[in-house]
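Colleague: 3D, please:
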Amino acid sequence: MRHSSDSLHRQELWGTGYALLAAAGFATVSTLTILVGRTAVEGAPIALATIQFWRFAVSALILLLVLWPTKKLHVRGAQFWRLTLAGMLQAVVIYLALSSLRFITAATLAFLFYTYPAWVAVLQAVRRVEPLTIRSVVALVLALAGIGILVGLPGVSGMDLRGVILALCSAMLYAIYVPLLRYLQGGLAAATATAYTKVGGAAVFLGIALARHEFHVILPTEAWLPLGALALFSTVLPSVAFLLALGLLGAVRTTIVATVEPFLTALLGVAVLGQLLSSGLLAGGLLVVGAVLILQTRRRMS
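Modeller: Below is the predicted model of the structure:
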């Protein structure tokens with residue numbers, strides 16, 4: 001029994017580590033996207049859909065090149081299409097979230113989108129896959145409270161309902177995507193599954209960029225360094241780590257740990273973009289960290 005408890009605890013520690021690594025990587029997305037967007041093509045900033053296409057396309061290329069010598073790229077035809085469709089769903093989530101910014105503030109989007117761990121918890125409980133425990137509920141409440149302090153609770157008056165709907169739809173779809181991705185992975189290595197989802201995501205953003213007549217094949221030289229970092233450190237590594245965390249922690253606990261992402265994003269903004277370090281940032285961050293620590297408390301063994 002003691003050996004089983006120690007093994008479970010090590011698994012939870014590794015899973016939490018992977019989830020934190022994923023959150024740290026995803027936290028750099030907005031900052032690196034801003035840096036890429038500051039470069040211009042034909043006198044105009046690079047369009048967001050183009051940036052996202054190259055982000056996903058380069059990510060897929062990196063993974064395919066790394067996996068090619070290992071012979072881990074072979075998948076059944078049906079599984080390939082399911083994984084690419086999952087990647088397309090992820091791209092739709094991103095597109096809906098970004099589209100909501102036309103109607104609501106970035107802070108409101110962050111608050112509404114990061115309700116997705118709650119939707120995951122409800123979905124998994126309804127499916128009887130991961131039952132809700134007191135510990136996970138307390139951690140979830142702390143995490144949501146921390147997000148509210150970090151980004152500011154959205155006000156009711158003056159809020160455009162269109163933006164709210166888009167943001168909540170993106171959160172709900174992501175709550176479906178997370179456990180679905182784990183299911184579709186099957187017995188594949190995390191890197192292999194990630195490679196094919198990025199192919200699907202790239203296809204969606206290519207279609208959006210072409211439809212809006214804003215796709216560019218040739219980008220300025222200065223755009224490729226932050227774009228390469230966006231692909232490798234903000235996409236490849238965190239995506240693989242996220243899948244590994246899902247396998248060790250399950251969808252509910254992984255998504256709760258992932259709520260440290262807005263806190264890390266804010267800290268990166270302070271360090272790189274010169275944004276102010278506020279008391280709200282520290283207080284919200286402490287609540288989110290508290291949620292992660294609660295999830296790490298060891299279960300009593302009977």
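Colleague: Residue 14: what's it in contact with?
Modeller: Residue 14 makes contact with residue 248, according to CB atoms under 8 Å, 6 or more residues apart in numbering. Placement of C-beta: from N, CA and C, glycine included.
Colleague: Which of the helices or strands spans it?
Modeller: helix 2-26 (DSSP states H and E).
Colleague: Heading C-terminal from that helix, find the next helix or strand.
Modeller: Beyond helix 2-26 on the C-terminal side, the first helix or strand identified by DSSP H and E is helix 29-37.
Colleague: just how off-centre is that next one within its chain?
Modeller: 15 Å (CA atoms, centre = their mean, to the nearest Å).
Colleague: Can you name every helix or strand that that helix contacts?
Modeller: Judged by 3 or more CB pairs under 8 Å, 6 or more residues apart in numbering; DSSP states H and E, helix 29-37 is in contact with helix 48-67, helix 221-231, helix 261-272.
Colleague: if we can go back for a sec, give the buried residues for the helix holding residue 14.
Modeller: Neighbour-count burial for helix 2-26, counted by 16 or more other CB atoms under 10 Å, picks out 12, 15-16, 18-26.
Colleague: rewinding a little: could you identify which of the helices and strands packed on helix 29-37 is most buried?
Modeller: With neighbours taken as mean count of other CB atoms under 10 Å, the helices and strands packed on helix 29-37 reach their highest mean count in helix 48-67, at a mean of 21.
Colleague: Spit out the contact partners of residue 175.
Modeller: 116-117, 119-120, 123, 255.
Colleague: Now do the same for the helix holding residue 14: mean pLDDT, whole number.
Modeller: Averaged over helix 2-26, pLDDT sits at 80.
Colleague: Can you report how many residues lie near residue 83?
Modeller: 25 (other CB atoms under 10 Å).
Colleague: which residue packs closest to it, ignoring adjacent ones?
Modeller: residue 196 (3.9 Å; CB to CB, 6 or more residues apart in numbering).
Colleague: tell me which element the one you found is part of?
Modeller: helix 190-211.
Colleague: tell me what that helix is packed against?
Modeller: Helix 190-211 packs on helix 48-67, helix 77-99, helix 161-185, helix 237-249, going by 3+ CB pairs under 8 Å, 6+ apart.
Colleague: and these as CSV, adding distance to residue 294 and mean pLDDT?
Modeller: Below are the helices and strands packed on helix 190-211 laid out as CSV (distance: least, CB to CB, whole Å; pLDDT from 0 to 100):
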stretch, distance to residue 294, mean pLDDT
helix 48-67, 33, 92
helix 77-99, 27, 89
helix 161-185, 20, 87
helix 237-249, 14, 91
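Colleague: Now render the ones you listed as CSV, adding distance to residue 30.
Modeller: Formatted as CSV, those follow (distance: least, CB to CB, whole Å):
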stretch, distance to residue 30
helix 48-67, 11
helix 77-99, 10
helix 161-185, 15
helix 237-249, 13
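Colleague: which one of these lies closest to residue 215?
Modeller: Across the helices and strands packed on helix 190-211, residue 215 has its closest neighbour in helix 48-67 (5.6 Å, CB to CB).
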